[in-house]
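[1] Predicted model and sequence follow; I will ask about them next.
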Amino acid sequence: MPTEIDTLFQRVFEGHHEGVKVLEHLLVRFKRNPWVRGGHEAERETNRRFGNTEVVDYIIARINRANGVNEHVEDEPTET
């Protein structure tokens, strides 16, 4: 079931023309092929690129959940 924050992500990144442009920019910048051939340094670069995808994946997952796609999204930690 979508939460209020899911709906907010959907509204900002799908419902607003500037949000759409920002999401498109993030996709181009951070969702490229993460695999780099080579040795140890290439492995580090591959790991860095995978890390870069995490935030974009989170945004997309929130939008999908707001659109009724049952995709797993970790909720924010609760403060204790």
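    Ah, there it is.

[2] Would you mind putting the CA coordinates of stretch 8-18 into CSV?
    The C-alpha trace of stretch 8-18 is given here as CSV (Å, rounded to 0.1, in the frame of the first residue of the first chain):
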residue,chain,number,x,y,z
LEU,A,8,5.1,12.7,-2.8
PHE,A,9,7.8,11.1,-4.8
GLN,A,10,5.3,10.3,-7.6
ARG,A,11,4.0,13.8,-7.6
VAL,A,12,7.5,15.4,-7.7
PHE,A,13,9.2,13.1,-10.2
GLU,A,14,6.2,12.2,-12.5
GLY,A,15,3.7,15.0,-12.0
HIS,A,16,5.9,18.0,-12.2
HIS,A,17,7.7,18.9,-15.5
GLU,A,18,10.9,20.0,-13.6
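
[3] Please work out which residues outside it touch it.
    Pro2, Gly19, Val20, Val22, Leu23, Ile59, Arg62, Ile63, Ala66, Asn67 (C-beta atoms under 8 Å, 6 or more residues apart in numbering). Where C-beta positions appear, they are placed from N, C-alpha and C, glycine not excepted.

[4] Which positions in it come out as buried?
    Using 16 or more other C-beta atoms under 10 Å as the test for burial, stretch 8-18 gives Phe9, Gln10, Val12, Phe13.

[5] re the thing from before, out of the contacts of stretch 8-18, which is nearest to Asn52?
    Ile59 (12.7 Å; C-beta to C-beta).
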